Structure formats: C-alpha cells, structure tokens
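# sharing a sequence plus its predicted fold:
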Amino acid sequence: PASNGSVNAEEAIAVSNEKQEAKEKQEDLDKMALTVRVRQQVKDGCRNCCSVRTLKKKLPIIQWLPKYRCREFQCDLIAGLTVGLTVIPQGLAYAVVAGLPPQYGLYSAFMGCFVYMFLGTSKDITLGPTAIMSLMVGTFAASTEPEIAITLALVLTLMTGLVQLIMGLLNLGILVNYISYPVINSFTSAAAVTIGAGQIKNILGLKDIPREFLHMIYETCKHIPDTKVWDLVMGIVSIVILFLLKKLRTIKWAGEDDPETVVPLPKRVGRKLVWLCGTAANAIVVITAGALAAILVENGIDVFSLTGNITSGLPPFGPPPFSVGNMTTGDVFSHIGAGFIIVPILGLVEAIAIGKAFARVNNYKIDATQELIAIGAANIVSSFVHSYPVTGSFSRTAVNSQSNVRTPAGGLFTGALILLSLQVLVPYCYYIPKSALAAVIIMAVIQMIDIRILRILWRINKWDLVIHIITFICSLTVGIEYGILIGIGLSLLLLLYPMARPKLKPDHGLFFPAIEYLESKVLGFATTEEKPRAAIIDMSHISGVDYTTIMGIKSLLADGTKRGVRIVFCECSPHVTSELVQADIKSLTLCGTVAEAMQEVGSQAQDEEEQPFIATL
C-alpha cells in the first residue's frame with residue numbers, strides 16, 4: 001500500500017508538471033501572438049500615417065489646391081476682402097470685451113485664417129475673435145494691470161490650442177455631444193446679455209464700471225446722472241444706422257429666385273452695392289464716426305470718449321511668457337484655472353456647430369475630427385503673434401458664404417487685409433468713439449439671444465426648460481464660467497437619472513449624446529453604393545426625446561431630402577408621438593407600424609430598383 005501511494009503521488013506530480021508545462025507553453029504562444037499583432041498594428045499604423053490618403057485627410061489643402069482656377073480665385077478674393085471689412089471693426093470692439101488693448105483684436109484675426117486655409121475642411125468658416133471667446137478671456141484673464149491681462153490671455157490661447165489639438169488627435173470630439181442644445185443656447189443668451197450690458201457704460205460715456213454682471217448693473221444705474229450726452233447720441237445713432245444698413249442684406253429683389261429671369265448689368269451692380277453696404281455696415285459706421293470725431297477734434301471740439309492711442313505695426317513673434325511681474329508660472333495657471341477646459345470646449349462647440357450648419361446649407365461635408373486639429377493648431381500658432389483664443393464666427397461665416405466663397409483660401413485675403421490695416425490704418429483708429437464700437441458689439445450680440453426656444457421647450461420637454469432657465473440665471477448671477485458648468489452638470493444628471501431608477505420593463509430615451517450618432521448612421525446608409533430611396537426608423541424602444549434630439553431630427557430630415565432619401569418614423573409611443581407633433585417638424589412622417597411605413601414608402605419605391613432599408617434603434 002505504501003508503494004502504491006508513492007506511485008500515485010509521482011503520477012500526480014508528473015501530471016501537474018505536464019499541466020504547468022502546457023500552461024507555460026500556451027502563455028508563450030499567447031505572448032508571441034500578441035507580439036505579432038502589436039507589430040502588425042504598428043506596421044499598419046505607420047503605413048496609414050504615411051499614406052497619400054492620410055496626408056490628404058490631414059492636410060485638406062492638397063485636395064482642392066490642384067483644382068484651383070481663376071474663377072475660384074476671384075470669388076475667394078471678393079469674399080475674403082468682404083469678411084476683412086467686417087472683422088476689422090469687430091476685432092477692435094471685441095478686444096475691449098476681452099479687457100485687452102484694441103489692437104489685440106486685430107492680432108487675433110489674421111493668423112487663424114492662414115492656418116485654417118491649410119488644415120480646415122469647411123470652405124465657409126472664418127476663424128477670429130468672437131463675442132463669446134472675448135467674454136471668456138475677459139473672465140479668465142481679467143486683471144487691472146494690462147501687462148498681466150495680456151500674459152494670461154496669451155497663455156490661455158496656447159493651452160486652448162493644445163487641448164483642442166490633443167482632443168482632435170485622440171478623436172475626443174464626441175465629448176462635445178454631451179453638451180445639450182438648451183444648455184448651449186442658454187449660455188449663449190446669458191453671454192450676449194452680459195456683453196451687451198457691459199457696453200452700456202460706453203454708450204453712456206461712463207468710466208470705472210466693474211465687470212461682474214449684478215455689480216455692473218447697479219453701478220451703471222447709480223452713475224446715470226454722469227452720462228455724457230454726446231456719447232449717448234453717437235451710440236443711439238450708430239445703433240439705428242447699423243440696424244437699417246443690415247436690413248439691406250435681407251432685401252428680396254424681384255426675380256431673384258428665378259434662374260430664368262435676366263437682370264440687366266446695371267441692376268445687378270446696384271444690388272451688389274446695396275448688399276455690400278449692408279455687409280460692411282460695421283466698417284461704414286466706425287469709419288464715419290471716426291471721421292466725424294477727427295474733424296471735431298481738429299477744430300478744438302472734444303465731445304466724445306475716444307479709443308485713444310493704438311499701437312500700430314505687426315505684433316512681435318514669439319512664444320507667450322509664462323510669468324509676468326510677481327506672477328510665477330504656477331500663479332498664471334491657477335489664475336486661469338477652469339478656463340483651460342471651458343474655453344477649448346466652447347471654442348469647439350461654436351466652430352463645429354457653425355461648420356456643420358453651413359456645410360448642410362451648401363451641401364458638402366466637414367470632418368469634425370480634422371476641424372478640432374485645425375482650430376487647435378490655429379490657436380497654438382496664433383499665441384505666437386499675441387492673439388487671444390479664436391474660433392469660428394457665425395456672422396462672418398455667414399458673410400463669407402453669402403459672398404460665394406469657393407475654398408478656404410478666402411481666409412488668405414482676409415488675413416492680408418488685416419495685416420495691411422495693422423500697418424496703415426491703426427493710427428487713425430485713435431479717433432473712433434467708444435460709443436460707436438459699443439454699438440457694433442451690441443448689434444452683434446443681440447442676434448445671439450433666442451427667446452423663441454422657451455415656448456418650444458415648454459411644449460416639448462419641461463425639464464429642458466428648467467435646465468435652460470437655471471443655466472441662464474446662474475450664468476448672470478454666479479458667473480458665466482460657473483453657469484455653463486452647472487448647466488452641463490444638470491443635463492448629465494437628468495440624462496443619467498433614468499439609468500439609476502429603471503422601469504420594470506426596460507426602455508430607453510433618444511437623448512442629446514446619441515443624436516449625432518443617429519444622424520451619421522442613417523446618412524451613412526444613404527450614401528452607400530445601393531443608394532436607398534427611403535429609410536424607416538423603428539422607434540418602438542424609444543421612451544422619450546429632448547430638444548436637442550428634435551433639432552437633430554429636423555437636421556436629419558433636411559439632409560435626407562437633399563440626398564433624395566425619404567425618412568419615416570414608426571412604432572412611436574403616444575408620449576414620443578406627442579413630443580414630435582408638438583415640435584411642428586416639417587416633412588415629418590409618422591406611421592403606426594413598420595408594415596404601414598413600408599406601405600407608405602412603397603408607392604414611392606415601386607418604380608425604383610433600390611429598396612428602402614430599415615434601421616432599428
């Protein structure tokens with residue numbers, strides 16, 4: 001028995017050793033397989049990085065430059081110069097909002113145009129100073145000492161660019177989808193109110209008014225008796241003239257929409273001149289006000305608060321300083337704080353939203369990831385020429401599009417005009433009344449306030465309305481930088497709450513982070529080789545939608561119409577049906593079942609070889 005026990009033990013040890021050897025052998029094989037996979041992935045990555053296709057994707061200028069002809073040059077030249085006439089007065093005015101000397105608005109307006117020409121995928125977007133970016137700089141880089149404010153702004157620009165570039169390289173643009181439309185709209189409206197209220201002091205000719213909203217309103221009301229009448233008159237007249245001139249852009253001429261109508265050359269020229277006057281309204285008002293003030297000053301009549309001396313010439317080229325005076329690098333970074341996250345994200349939201357909107361209008365596509373890289377690179381390079389953070393401007397992009405720009409090369413002519421103005425025109429800006437610049441800002445930001453959304457949110461989703469109102473109030477009272485964070489936090493909380501309190505029968509809502517994916521998925525089907533003529537979307541598992549989703553569905557239907565694809569929704573719950581009907585969406589088709597939807601689109605597709613596809617959410 002003892003010998004049998006010994007034999008059994010030896011057999012057990014042998015079996016154990018065999019298992020261990022087999023395990024080690026398998027581990028070695030797994031390591032070898034992993035090494036081979038990693039090596040292959042590295043090879044594929046290097047091959048892709050060095051391919052012509054990748055080069056064209058990362059450097060879009062390679063795609064359109066070989067096809068660049070005289071016609072494109074003419075259109076880009078006219079559009080670029082027209083945008084330049086718009087950005088020069090805006091840049092001077094926005095720099096004041098940012099709390100920087102006026103020339104910094106022009107420093108911020110040219111380099112982004114040059115960089116975006118090489119890296120951007122939108123022909124319409126024009127980069128430069130905007131109202132929201134200026135307000136953010138005035139918030140995070142605020143200082144009573146100009147030298148400190150300038151240093152903080154330049155560091156913020158560099159770090160904003162780095163964050164945006166890294167997000168682009170890591171494909172993190174999807175994070176932008178987690179900011180709902182009501183939050184963005186509310187923040188934008190609050191920013192517009194803050195900026196507009198901040199310019200009342202210049203309209204009234206008041207000085208030493210604080211920047212905090214509530215304190216600013218109180219001090220402005222307190223010092224109304226100190227109003228300078230001539231500044232007030234100049235401000236009001238400038239606002240009225242700007243309003244009337246900008247109305248010229250919206251004039252609808254007889255036969256304008258009829259391609260068969262032949263318009264005589266003199267009439268065409270006259271209409272273009274009228275449109276140009278409306279487009280260059282800011283420049284016309286600023287130049288006229290400055291000329292009037294200069295004439296009065298030369299005759300010894302000094303009745304306006306003037307912009308004063310502005311440094312002329314090109315900015316010095318070099319990296320931004322990370323310390324100034326008694327402020328160390330650590331002090332600079334702690335002073336800016338959350339601005340390193342908020343400013344880059346807001347810049348991306350603004351630029352990508354504008355790019356997608358105009359790409360949809362003009363029927364082309366942009367690469368959102370490449371846009372992140374382009375805007376990030378633009379901010380990095382711009383920080384070397386004393387620029388504060390830049391992003392896409394809606395008003396100037398609209399001017400660019402309406403001027404029939406053909407390629408991103410339009411930015412080359414915009415930047416060239418700004419460089420010329422820095423060398424030649426800046427000394428004459430001394431005479432521009434502050435109230436005229438304030439009028440330019442007020443007329444620019446008043447268009448950013450959207451009141452109509454409140455009624456729509458009340459009908460569609462009251463929780464979205466609550467978040468909108470809270471974000472707006474917090475942005476004005478607590479601070480613009482905290483308002484956006486509170487709004488994002490509340491919208492994410494509202495999004496995650498149903499997951500923490502699930503129903504016994506699980507279902508899901510179609511909410512703002514997913515709508516971007518839905519759009520790309522459906523339109524992706526629409527552009528396949530089969531080219532389907534209809535899409536049926538089964539909504540049976542959707543329990544609710546929010547306002548951002550409604551906006552996405554509107555966009556999806558518009559894009560589908562342009563591509564010749566009819567989109568039909570079916571199997572909606574009564575609650576979802578009510579929300580969609582309340583939204584009053586044009587071209588919306590709702591069917592009870594998939595079979596009914598198939599029957600609905602069948603009459604359209606029966607004479608076509610292509611068949612509709614069904615996308616189930």
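Yep, it's here.

# isn't Ser383 right up against Leu162?
No. Taking Cβ atoms under 8 Å as the definition, Ser383 is not a contact partner of Leu162, at 9.4 Å. Heads up, the C-betas are built off the backbone N, CA and C, glycines and all.

# between these two, which one's more packed in?
Using other Cβ atoms under 10 Å as the criterion, Ser383 and Leu162 rank with Ser383 on top: 26 against 17.

# what score does that one have for pLDDT?
Looking at Ser383, its pLDDT stands at 96.

# could you look up the SS state of it?
Look at Ser383: counting by DSSP: H, G, I helix; E, B strand; the rest coil, its state is helix.

# now do the contacts for it.
Taking Cβ atoms under 8 Å, 6 or more residues apart in numbering, we find Ser383 in contact with 154-155, 157-158, 161, 319-320.

# distance of it relative to Val478?
Distance, Ser383 to Val478, using Cβ to Cβ, to the nearest Å: 29 Å.

# please apply the same query to Val285.
Val285 is 35 Å from Val478, by Cβ to Cβ.

# more neighbours, the two?
With neighbours defined as other Cβ under 10 Å, Val285 and Val478 compare such that Val285 has more, 25 against 14.

# which helix or strand contains that one?
In this structure, Val285 sits in helix 281-298 according to DSSP states H and E.

# who does that helix touch, helix- and strand-wise?
helix 70-97, helix 229-247, helix 434-445 (3 or more Cβ pairs under 8 Å, 6 or more residues apart in numbering; DSSP states H and E).

# now the second one against helix 281-298, angle please.
Angle between the axes of helix 229-247 and helix 281-298 is 150 degrees (criterion: axes from the mean of the first three to the mean of the last three Cα atoms, to 10 degrees).

# got any ranges where the chain has weak pLDDT?
1-16, 43-51, 254-260, 498-515, 525-531, 603-617 (pLDDT under 70).

# what are the structural domain limits within it?
Domain assignment of the chain by automatic domain parsing yields the ranges 2-50, 61-212+223-255+262-308+315-448, 512-616.

# for the helix holding Val285, which positions count as buried?
By neighbour count with 16 or more other Cβ atoms under 10 Å, helix 281-298 contains the buried residues 281-287, 289-290, 293.

# now do that helix: everything it contacts.
85-86, 88-90, 92, 234, 238, 241-242, 245-246, 248, 277, 302-304, 306, 428-429, 431-433, 436-437, 439-440.

# just the buried ones out of those residues, please.
Among the contacts of helix 281-298, the ones that count as buried by 16+ other Cβ under 10 Å are 85-86, 88-90, 92, 234, 238, 241-242, 245-246, 248, 304, 306, 429, 431-433, 436-437, 439-440.

# re the thing from before, just the buried residues of the contacts of Ser383.
154-155, 157-158, 161, 320.

# in a markdown table, list the residues you listed along with secondary structure and distance to Leu490.
Below are those laid out as a markdown table (DSSP: H, G, I helix; E, B strand; the rest coil; distance: Cβ to Cβ, whole Å):
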| residue | secondary structure | distance to Leu490 |
| --- | --- | --- |
| Leu154 | helix | 33 |
| Val155 | helix | 31 |
| Thr157 | helix | 30 |
| Leu158 | helix | 31 |
| Gly161 | helix | 29 |
| Pro320 | coil | 35 |
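
# out of those residues, who's nearest His541?
When the buried ones among the contacts of Ser383 are compared for distance to His541 (Cβ to Cβ), Gly161 comes out closest, at 41.8 Å.

# show the contacting residues for that closest one.
375-383, 389.

# I'd say Gln582 and Asn461 touch.
No. The criterion here is Cβ under 8 Å, and Gln582 misses it with Asn461 at 9.5 Å.

# compare these two and say which is more crowded by neighbours.
Under the criterion of other Cβ under 10 Å, the comparison of Gln582 against Asn461 puts Asn461 first, with 25 against 14.

# name the nearest residue to the more buried one, ignoring sequence neighbours.
Distances taken as Cβ to Cβ, 6 or more residues apart in numbering put Asp546 closest to Asn461, at 5.0 Å, once the chain neighbours are dropped.

# count of neighbours near that neighbour?
26.

# next one: Gln20
Quick note: Gln20 (other Cβ under 10 Å) scores 10 neighbours.

# in which helix or strand does it reside?
Using DSSP H and E, Gln20 falls in helix 2-49.
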